[in-house]
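Engineer: no sequence for this one, just the structure:
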């Protein structure tokens, strides 16, 4: 929230009061992911990580002009590398064709792989957390901007599909809309991910969510999570079927530095970016 607010305050100071007046909600499932990661032997130093996040945010707050969020500043970041994104671009189609995409994903992001594992209840429980929170807001008939980062965009996609087409939810929520859906560093452009989304095997009319008005996708240079950084081409059938009004793609440079090294997937870098600030400001207008 501090990063989102800092971006709005930097670029659109007249909108700060409007941003502050918004009701803000978080669908939290970090405790569920923690069990998966700890079960895989991962360790987490909470105090250190929160401190490093604050340091990253404070450094980004020092960038006072939106024009400085460009390639010149990005190229000067320590440890910047295009290799992970290049490898993801090169190997994703091949690995998917031979069935190795998910095992490889599991070795890199165990919680993401667990989300797609039908043998586990992790995906079901995560969707329930997000769906419950979103339905609470829809029940109030509020205007909704949904902001999702990384794996969260996949969870949100599946929840939006459930509310659109699942018989358990369609009658009550099928006509409810998310006014603006913002995806940051999203893997929804990856073909291997698309095959595993809810509704992927359905006919076109029921394949996609039908409850989003505008979809704004922001993808950072060298962020391997969104190595396929455009979504408008992947989901153009949603436009043809009049299931969404617009899908916009934006390419940006994420200036976040975590633990002394460039991290183009960092949520903080996405939240405070001028493009995100403009999306929020335009919605407030």
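Structural biologist: Okay, I see it. Here the structure is a predicted model, which means the values were calculated and not measured.

Engineer: what sits against residue 25?
Structural biologist: Contacts for residue 25 (CB atoms under 8 Å, 6 or more residues apart in numbering) come out as 133, 136, 137. Placement of C-beta: from N, CA and C, glycine included.

Engineer: so the last one makes contact with residue 144?
Structural biologist: So that's residue 137. Yes. If you go by CB atoms under 8 Å, residue 137 and residue 144 touch, sitting 5.8 Å apart.

Engineer: thinking again about what came up before, filter the contacts of residue 25 to the buried ones?
Structural biologist: 133, 137 (16 or more other CB atoms under 10 Å).

Engineer: need the contacts of residue 25 in TSV with distance to residue 63, pLDDT and secondary structure, can you?
Structural biologist: Converted to TSV, the contacts of residue 25 look like this (distance: CB to CB, whole Å; pLDDT from 0 to 100; DSSP: H, G, I helix; E, B strand; the rest coil):
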residue	distance to residue 63	pLDDT	secondary structure
133	32	97	helix
136	36	97	helix
137	32	97	helix
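
Engineer: hey, which helix or strand in this protein has the poorest pLDDT?
Structural biologist: helix 83-97 (a mean of 47; mean pLDDT, DSSP states H and E).

Engineer: where in this protein is pLDDT low?
Structural biologist: For the chain, applying pLDDT under 70 flags the ranges 81-108.

Engineer: nearest the geometric middle of it, what residue?
Structural biologist: Closest to where the C-alpha atoms of the chain average out (CA atoms, centre = their mean) is residue 149, at 2.4 Å.

Engineer: what's downstream of the lengthiest strand in the chain, the next helix or strand?
Structural biologist: Using DSSP state E, we find that the single longest strand of the chain is strand 212-220. Per DSSP states H and E, strand 212-220 leads on to helix 236-240 as the next helix or strand towards the C-terminus.

Engineer: check which helices and strands the helix or strand following that next one sits against.
Structural biologist: For helix 236-240, the following helix or strand on the C-terminal side (DSSP H and E) is strand 246-252. The helices and strands touching strand 246-252, judged by 3 or more CB pairs under 8 Å, 6 or more residues apart in numbering; DSSP states H and E, are strand 212-220, helix 236-240.

Engineer: what sits against residue 179?
Structural biologist: Counting by CB under 8 Å, 6+ apart, residue 179 touches 143, 144, 145, 213, 214, 283.

Engineer: swap in residue 79?
Structural biologist: Shown in contact with residue 79 (CB under 8 Å, 6+ apart): 260, 261, 262.

Engineer: now do the first one against residue 80, distance only.
Structural biologist: Look at residue 260 and residue 80: by CB to CB, to the nearest Å, they are 12 Å apart.

Engineer: show me which of the two is the more surrounded one.
Structural biologist: Taking other CB atoms under 10 Å, residue 260 and residue 80 do not tie; residue 80 has more neighbours (16 against 9).

Engineer: doesn't that one lie inside a helix?
Structural biologist: No. Under DSSP: H, G, I helix; E, B strand; the rest coil, residue 80 sits outside any helix and is assigned coil.

Engineer: pretty sure it is touching residue 222, no?
Structural biologist: Yes. Using CB under 8 Å, residue 80 is in contact with residue 222, at 7.0 Å.

Engineer: quickly list what's touching both of those two.
Structural biologist: What both residue 80 and residue 222 touch, as defined by CB under 8 Å, 6+ apart, is the set residue 262.
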